[in-house]
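Colleague: need a structure here:
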Amino acid sequence: MSSGKRLLRLPEILEITSMKKSFFYIQIKRGLMSKPIKIGRSSYWEREAVEKFIAERIAARDAVKKFVEESVAASEAELEKKREND
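Modeller: Below is the predicted model of the structure:
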């Protein structure tokens, strides 16, 4: 009976994410990626976990981009206000 969960091997994940093996294992050590499921001597990851990892990285990138844009806009507004007062 299948649970419907797809398991991925490391080569598939590295291809999907374009990460190097060492960097991928650093993400696991940091707790950003789940630990593998061991079946015999092989390691697998649930596809959902990999997709979640990718989505979280995209969200983090977008949050930083938004923060930078808002900070730049605030700085520009502050400079403009300063110029008006001078």
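Colleague: Following element in sequence after the strand ranked longest in the chain, please.
Modeller: What stands out as the longest strand in the chain, according to DSSP state E, is strand 42-46. Sequence order places helix 47-85 as the next helix or strand after strand 42-46, per DSSP states H and E.
Colleague: in that following helix, what counts as buried?
Modeller: Ala49, Val50, Phe53 (16 or more other Cβ atoms under 10 Å). To be clear about C-beta, it is placed using only N, CA and C from the backbone, and glycine gets the same treatment.
Colleague: now those residues as CSV including distance to Lys38?
Modeller: What follows is these, written out as CSV (distance: Cβ to Cβ, whole Å):
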residue, distance to Lys38
Ala49, 14
Val50, 17
Phe53, 19
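Colleague: Distance-wise, check the residue nearest the centre of the chain relative to Lys38.
Modeller: For the chain, the residue nearest the mean C-alpha position is Arg57 (1.9 Å; Cα atoms, centre = their mean). Distance of Arg57 to Lys38, computed by Cβ to Cβ, to the nearest Å: 25 Å.
Colleague: I'd like to check what contacts the helix or strand containing Ser22. Which residues are they?
Modeller: Using DSSP H and E, Ser22 sits in helix 21-29. Helix 21-29 has contacts (Cβ atoms under 8 Å, 6 or more residues apart in numbering) with Leu10, Ile13, Leu14, Thr17, Met19, Met33, Ser34, Lys35, Pro36, Phe53.
Colleague: Using ChimeraX, define a selection of the buried residues within the residues you listed.
Modeller: To isolate the buried subset of those in ChimeraX, counting by 16+ other Cβ under 10 Å, use the following:
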select :13,17,19,33,36,53
